[in-house]
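A.B. asks: okay, predicted coordinates and the sequence, questions at the end:
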Amino acid sequence: MKKRQESQRPDIYTRITGKIVDDLEKGVRPWMRPWHAANTDGRITRPLRHNGLPYSGMNVLLLWSEGMARGFASPMWMTFKQALQLGAAVREGETGTTVVFASRFSKTEADGAGGEVEREIPFLKAYSVFNVEQIDRLPDDYYLPGAPVRDPIERVEEADRFFQNTGAVIRHGGNEAFFLPGADIIQMPPLPAFKDVASYYATLSHEATHWTAPSNRVGRDLSRYSKDKSERAREELIAELGSCFLCADLGITPELEPRPDHASYLEAWLRVLSGDKRAIFQAAAHAQRAVAYLHGLQPAAFEAREAA
């Protein structure tokens, strides 16, 4: 079983990374696809499991991409078995979409001194899910339209509260947005510099993802950010994915066109992903941790933890 897991692992990484590299070579950032569809303002959410809980990390990218490619309007997905348990059935001829599950197994190895040590080895397990639009006889509520689109003003107000609750120091001025690790501040252009209020918060979500990096938050090493182009590209990919996840959660549209200071990252991401088949998985995992940290700073999250 372990040998099978180890032999499958590179195939999963290579296959999924290859699809993303193909898109990037065409100038397409696949994680931005949902927002390029017509009439999606405020409607984009994370993909949902059969129980309504959102997917996270790499699976968000996989299901967004496949949902757009196949034209699915519903964000909900489930396994073949879950459909059967609900008294439903996947239609004949339908093909599933790959999602992944990260886990670890233990392996005993010689320690070089005549003894043995247990080593934890990470691996990915791939399995298939189906969109509810591929499934017949589900309970009626699975086919109901999603939640109504919230009023744009309410969404902006929610985003404003969200970033205030993080406690991040946000200063305004100049014409560039960036995070200063040494001073621990987010610098933003003034609101009138943006085409609309949502664009301001979309940019802030990117910088807030950078803001999570210090060791007293999630702990991503930014020490080589200004010295190593590869490390900078990796961190910017994390921030871009984090911004997409957060924008979906807040109901706002991310930065659809790269900012002038980010335009060069497409080529850098291609180099990183082409040379490291795990890079996109690692970036998505880091982005997920960053967004989860930001959500954890919200009062509702604190109240939920206290109640538990």
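C.D. replies: Structure's in. What do you need?
A.B. asks: just the pLDDT for A304.
C.D. replies: Confidence at A304, expressed as pLDDT, is 45.
A.B. asks: let's number from 742 now, not from 1
C.D. replies: Renumbered: residue one is now 742, and that last one reads A1045.
A.B. asks: list the residues that contact the closest residue in space to L1038 that isn't next to it in sequence.
C.D. replies: Closest residue to L1038 apart from its sequence neighbours, by CB to CB, 6 or more residues apart in numbering: T907 at 4.9 Å. Where C-beta positions appear, they are placed from N, C-alpha and C, glycine not excepted. Contacts for T907 (CB atoms under 8 Å, 6 or more residues apart in numbering) come out as 949, 952, 1035, 1038.
A.B. asks: recalculate using a threshold of 10 Å.
C.D. replies: 927, 945, 949, 952-953, 958, 1034-1039 (CB atoms under 10 Å, 6 or more residues apart in numbering).
A.B. asks: over to S964?
C.D. replies: 922, 972.
A.B. asks: from P955, how far off is it?
C.D. replies: 11 Å (CB to CB, to the nearest Å).
A.B. asks: give me the common contacts of these two.
C.D. replies: P922.
A.B. asks: all strands of the stretch 842-991 of the chain, in order?
C.D. replies: 857-872, 876-877, 910-913, 919-921, 926-929 (DSSP state E, counting those that start in this stretch).
A.B. asks: strand partners of the fourth one, parallel vs antiparallel please.
C.D. replies: When pairs are called by DSSP bridges, strand 919-921 turns out to pair with strand 926-929 (antiparallel).
A.B. asks: before we move on, back to that, which of the strands of the stretch 842-991 of the chain sits closest to R832?
C.D. replies: Distance to R832, taken as CB to CB, is lowest for strand 876-877 among the strands of the stretch 842-991 of the chain, at 5.8 Å.
A.B. asks: tell me what the closest one is packed against?
C.D. replies: Secondary-structure packing of strand 876-877 (3 or more CB pairs under 10 Å, 6 or more residues apart in numbering; DSSP states H and E): helix 821-826, strand 830-831.
A.B. asks: just the ones you listed: most buried one?
C.D. replies: Ranked by mean neighbour count, the helices and strands packed on strand 876-877 are led by strand 830-831 with a mean of 16 (mean count of other CB atoms under 10 Å).
A.B. asks: who touches it?
C.D. replies: 819-821, 824-825, 837, 869, 871-872, 875-879.
A.B. asks: run the last query once more with 7 Å
C.D. replies: Outside of strand 830-831, the residues within contact range by CB atoms under 7 Å, 6 or more residues apart in numbering are 821, 824, 871, 875-878.
A.B. asks: pLDDT at the residue sitting furthest away from the middle of the chain, what is it?
C.D. replies: Seen from the C-alpha centroid of the chain, the residue lying at the greatest distance (CA atoms, centre = their mean) is G855, 44.2 Å away. Turning to G855, the model gives it a pLDDT of 70.
A.B. asks: what residue spans form the domains of the chain?
C.D. replies: With domains defined by automatic domain parsing, the chain comprises 743-781+785-884, 893-1048.
A.B. asks: ranking these by burial, who's on top?
C.D. replies: Note that of the domains of the chain, domain 893-1048 is the most buried (mean count of other CB under 10 Å), with a mean of 17.
A.B. asks: ok now that one, how far from the chain's centre?
C.D. replies: Here the centre of domain 893-1048 is set off from its chain's centre by 11 Å, with CA atoms, centre = their mean, to the nearest Å.
A.B. asks: now swap in stretch 883-895 and tell me
C.D. replies: The answer for stretch 883-895 is 21 Å, by CA atoms, centre = their mean.
A.B. asks: ok, stretch 836-855 next?
C.D. replies: That offset, for stretch 836-855, works out to 23 Å (CA atoms, centre = their mean).
A.B. asks: dump that stretch to PDB, keeping only the CA atoms.
C.D. replies: The C-alpha coordinates for stretch 836-855 follow below in PDB (Å, rounded to 0.1, in the frame of the first residue of the first chain):
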ATOM      1  CA  THR A 836     -17.000  11.900 -15.300                       C
ATOM      2  CA  GLY A 837     -15.700  13.000 -11.900                       C
ATOM      3  CA  THR A 838     -13.300  15.900 -11.000                       C
ATOM      4  CA  THR A 839     -10.100  15.200  -9.100                       C
ATOM      5  CA  VAL A 840      -9.600  16.600  -5.600                       C
ATOM      6  CA  VAL A 841      -6.800  15.800  -3.300                       C
ATOM      7  CA  PHE A 842      -6.400  14.900   0.400                       C
ATOM      8  CA  ALA A 843      -3.100  15.400   2.100                       C
ATOM      9  CA  SER A 844      -2.000  12.900   4.800                       C
ATOM     10  CA  ARG A 845       1.100  11.200   6.100                       C
ATOM     11  CA  PHE A 846       2.400   7.700   6.700                       C
ATOM     12  CA  SER A 847       5.200   6.500   8.900                       C
ATOM     13  CA  LYS A 848       8.300   4.700   7.600                       C
ATOM     14  CA  THR A 849      11.000   3.000   9.600                       C
ATOM     15  CA  GLU A 850      14.500   3.800   8.500                       C
ATOM     16  CA  ALA A 851      18.000   3.100   9.700                       C
ATOM     17  CA  ASP A 852      19.500   6.000  11.600                       C
ATOM     18  CA  GLY A 853      23.100   5.300  10.600                       C
ATOM     19  CA  ALA A 854      24.000   4.200  14.200                       C
ATOM     20  CA  GLY A 855      22.600   0.700  14.200                       C
END
